[in-house]
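Need a 3D model of the following:
(2 chains)
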Amino acid sequence: GDSVTQTEGLVTLTKGLPVMLNCTYQTTYSPFLFWYVQHLNEAPKLLLKSSTDNKRTEHQGFYATLHKSSSSFHLQKSSVQLSDSALYFCALTYRGSALGRLHFGAGTQLIVIP
Amino acid sequence: EAAVTQSPRNKVTVTGGNVTLSCRQTNSHNYMYWYRQDTGHGLRLIHYSYGAGNLQIGDVPDGYKATRTTQEDFFLLLELASPSQTSLYFCASSEELGGGEQYFGPGTRLTVL
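Next up, the predicted model:
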């Protein structure tokens, strides 16, 4: 069935360092991939999304490239800030998915320390 | 920006209690969703809907009922609450099918004692 895997449950980094949060997915359909970010005591919000193979998508300093050959959509940032501390979810849907439902990964908690 | 509201924001009930969580969106979105969020599990889909009177079963529906009374309003019902339903519940709405952004409400924290 359709699924998303995020391998890191917790990532702790020092401010200014680069980060990559892993996301791989499984589906037999043409995928749409999303990254949602959830700050403490807030609702999840869309960070970026893509359905185009091998095209980099960027927003608020974060970027990701959908690679259909490896079923991956890793989230990256070149220099993390304290305000990037949050829970990050990768999510999958596809054209024709029942009512546009999303399949979420388990999430990766990013903690940025001074 | 899309507006999704939820009530109550916090709820404490006892085992066997009856609970209704409410969600309203004011952006004329067709699609609405109920999720629960638990550490280590991410967001899991309980029920979802396309329009008033429509209901679809999600991945973790056991112990939950839902009803979509209007395009704006989507309710989640726990008729015999159990401690395993202690969780953070989010409602979301979406305008576009397949690839559209989902807009989330602020969440309801439910504790079942």
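
got any ranges where chain B has weak pLDDT?
For chain B, applying pLDDT under 70 flags the ranges B:1-2, B:96-99.

Repeat the analysis, applying 80 as the threshold.
B:1-2, B:96-100 (pLDDT under 80).

Quick test: name the residue nearest the centre of it.
For chain B, the residue nearest the mean C-alpha position is residue B:34 (2.8 Å; Cα atoms, centre = their mean).

Show the secondary-structure elements that the helix or strand harbouring that one is packed against.
Per DSSP states H and E, residue B:34 falls inside strand B:31-38. Using 3 or more Cβ pairs under 8 Å, 6 or more residues apart in numbering or on different chains; DSSP states H and E, the elements in contact with strand B:31-38 are strand B:19-25, strand B:42-50, strand B:73-78, strand B:87-94. In this view, the C-beta of every residue, glycine as well, is placed from N, C-alpha and C.

isn't residue B:51 right up against residue B:71?
Yes: taking contacts as Cβ atoms under 8 Å, residue B:51 lies within contact range of residue B:71: 6.2 Å.

if I look at those two, which residues touch both of them?
residue B:30 (Cβ atoms under 8 Å, 6 or more residues apart in numbering or on different chains).

Mind checking which of the two has more residues around it?
residue B:71 (18 against 13; other Cβ atoms under 10 Å in any protein chain shown).

Any idea how far the lowest-mean-pLDDT helix or strand in chain A is from the middle of the chain?
Of all helical and strand segments in chain A, the minimum by mean pLDDT, DSSP states H and E falls on strand A:103-104, at a mean of 92. Distance, stretch centre to chain centre, for strand A:103-104: 11 Å (Cα atoms, centre = their mean, to the nearest Å).
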